[in-house]
Each structure stands twice: as C-alpha cells, then as structure tokens.
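Asks: Okay, sequence plus prediction incoming.
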Amino acid sequence: MDSDSKPGFIERLTSLLLREPEDRAQLMQTLHAAYERNLMDADALTIIEGALAASETRVTDVMVPRAQMDVIDIDDPLLETLPEIIEAAHSRFPVIDGDRDNILGILLAKDLLRLHTEEHFELRDWLRPAVFIPESKRLNVLLREFRVSRNHMAIVVNEYGGVAGLVTIEDVLEQIVGDIEDEYDFDEAHDNIRLDSAGRYRVKARTEIIDFNAAFSTRFSDEEFDTVGGLVLRHLGRVPKRNESVDIDGVRFQVLRADSRRLYTLLVDLPKPAPATADAAD
C-alpha cells in the first residue's frame, strides 16, 4: 500500500470514536482502547481524563487550606517580612488585615521590586482585587473564569463567608495535566512505586509509609505523618526544589517533581548491600 494512502492518527482515532459511546464510562473505555492500540500516548490519555474529571471536581478538593496559606499582614514591616516572602517563592500573596478572613487584596511578588525604586512604597497602592469563589465551584468553570478574567488566584470561601483556602490556575492545570512525568498505568493501587531502567525507584509522594516500608523493608515511622512526602517534608522542614536530594536513614530521596507547595514524585536509591568478604580460611 502506498504510504500516502495509510490512515493517519486523526483518521484512526475518528474511526474508533465513531462508535458513539453512550455515557462517560463507555467513552473512557474507548479512550483506553485507543491508548492500547497506540493511537495516543500515555500523556495524552492522562490529560483527556483530567479534563473530563475537572467537570466533576470542586475547588475544595484541590485548594490550599486556610491554615497553609502564605499571607502578608498589611501592618507587618515589609522589610522584616521579605525573607519569608523570598522563602515561600510564590508569585502572588493574599494580603490580610490582622485576620485571614479579612483579605484586602492580592500582591504580585514582582511589585516588591519597587521597594528599591520608590522612596515611599505603600503596599496598599499595589494590591490587586481579590477574587472570591465558593467551595462548590467546579474546576472546569473556574478555569474558564481564570482565562476570561486573566486572574491566576482565587480565594475560596465557605457558606458563612469565611476564608476556606485559596486556589491558583496552576492547581487547576495540575489536576488536568496530571503527573505526566510518570509512565501511565491504569491500576492506581500499583502505580505509586515503579522501577526505572537504571534500577532506581520512582515513588509518588502520596505513597503511604506503611506501603513504602513493606516494599523496601524499611522501618520509617508513620506516627507523625502518613506519606513518604510527609517524611521528606518533616526531615527538611520545607518543600524542596526539583533535583534536590536528602538522605534519611541511608535511603536517598531525590525530588523529581514539586512545586512551591507540594511534592509529587521522588526518585529513591536504596542502600547498597555491603560486599561479602571472602573467608580467610578458604
């Protein structure tokens, strides 16, 4: 057959989808079948699944909780707060007036550069309006609003008007794009720990310590935290950056994927067994 007459990717995928799935379950079966026939790769399937799930996911499921929000108090001396702002490394900060329920606006970190160019820098003059959304808003709706308004952050409020947390456009996109650095696997229960070609293990930060111990015969305690990510965060006292490594009880953890708030994937090197010594009497 002439190469020009071979059906292309679009034609093959269209042919597969012409079966007209009747519900979402059938649609997912069709997409999985397309993946198994190499009509799409694992990343594409992950993104499509994430986009479909976004219409059923509420912002309360992905937001940064109120207690974990990095905020700036309008009355705190800015020069004293600056080291904490630099350490947090966010591009936007909610600015409060004494209480986290009293949010005055959003400060863009880049506007702090004006501290060195303006003799009298007034923080209030550079605040952007805060956008408030209910906990029940769906991610697909929020993403559309982010695109239209060009906002990148929204404050989540509960039914009583109190601040429940915050959500950013990066948080929403993360739910859609997914953990694309890991090879796709349909069985979530067996996807947390994977052996790569170099003999090292890719471990999702959400892996429970009890499962990690069972897999690697380690004895990490799960009294203070439940997951491997929590173990690393507790050891460092902060969220590490990508490629940063830490040794804990002989196990080396290297960060493969993380943002300013969370760990996602770790590369694990186990201690190598000591070489056997030859029997001198042999």
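Replies: Nice, I can see it.
Asks: check contacts around the nearest residue to residue 216 once chain neighbours are set aside.
Replies: Closest residue in space to residue 216, ignoring its immediate chain neighbours: residue 270 at 6.1 Å, by CB to CB, 6 or more residues apart in numbering. C-betas here are computed from N, CA, C, even on glycine. Counting by CB atoms under 8 Å, 6 or more residues apart in numbering, residue 270 makes contact with 201, 216, 251.
Asks: Next: residue 228.
Replies: Residue 228 neighbours (CB under 8 Å, 6+ apart): 203-209, 212, 253, 266.
Asks: rewinding a little: the residue nearest to residue 216 and residue 57, how far apart?
Replies: Applying CB to CB, to the nearest Å, the value for residue 270 to residue 57 is 35 Å.
Asks: Next: residue 37.
Replies: Distance from residue 37 to residue 57, by CB to CB: 28 Å.
Asks: next one: residue 132
Replies: From residue 132 to residue 57 the distance is 19 Å (CB to CB).
Asks: higher neighbour count, these two?
Replies: Neighbour count, other CB atoms under 10 Å: between residue 132 and residue 57, residue 57 has more, with 17 against 12.
Asks: Report pLDDT for the residue nearest to the more buried one when sequence neighbours are not counted.
Replies: Closest residue to residue 57 apart from its sequence neighbours, by CB to CB, 6+ apart: residue 139 at 4.8 Å. Residue 139 carries a pLDDT score of 91 in this model.
Asks: what's the answer for residue 80, then?
Replies: 85.
Asks: for residue 84, same thing?
Replies: Residue 84 is assigned 84 on the pLDDT scale.
Asks: what's the answer for residue 24, then?
Replies: 73.
Asks: what's the closest non-adjacent residue to it?
Replies: residue 52 (6.8 Å).
Asks: okay, now that neighbour: neighbour count?
Replies: 15.
Asks: Now do the contacts for it.
Replies: 24, 27-28.
Asks: you'd agree residue 103 is in a strand?
Replies: Yes. Counting by DSSP: H, G, I helix; E, B strand; the rest coil, residue 103 is found in a strand.
Asks: Going forward, the N-terminal residue is numbered 56.
Replies: Okay, using 56 as the starting number, the last item reads as residue 158.
Asks: hang on, isn't it packed against residue 128?
Replies: No. Using CB atoms under 8 Å, residue 158 is not in contact with residue 128; the gap is 11.0 Å.
Asks: what do those two both touch?
Replies: With CB under 8 Å, 6+ apart, residue 158 and residue 128 have common neighbours 150-151.
Asks: more crowded one of the two?
Replies: residue 158 (20 against 14).
Asks: confidence score at that one?
Replies: Value for residue 158, per-residue pLDDT: 95.
Asks: Let me see the contact set for it.
Replies: Contacts of residue 158 by CB under 8 Å, 6+ apart are 126, 149-151, 185, 210, 218.
Asks: in the sheet, who's paired with it?
Replies: When assigned by DSSP bridges, residue 158 has beta-bridge partners residue 151.
Asks: Could you list the low-pLDDT ranges of the chain?
Replies: 56-77, 97-98, 233-246, 251-253, 314-316, 327-337 (pLDDT under 70).
Asks: Let me see the ranges of the strands in it.
Replies: 119-120, 127-128, 147-152, 154-163, 187-189, 208-212, 218-223, 248-250, 256-259, 300-303, 306-313, 318-324 (DSSP state E).
Asks: thinking again about what came up before, wait, what's in contact with the residue nearest to residue 112?
Replies: By CB under 8 Å, 6+ apart, the contact set of residue 194 is 109-110, 112-114, 117, 227, 230-231.
Asks: let's see 10 Å
Replies: Listed by CB atoms under 10 Å, 6 or more residues apart in numbering, the contact set of residue 194 reads 105-106, 108-114, 116-117, 222, 226-228, 230-231.
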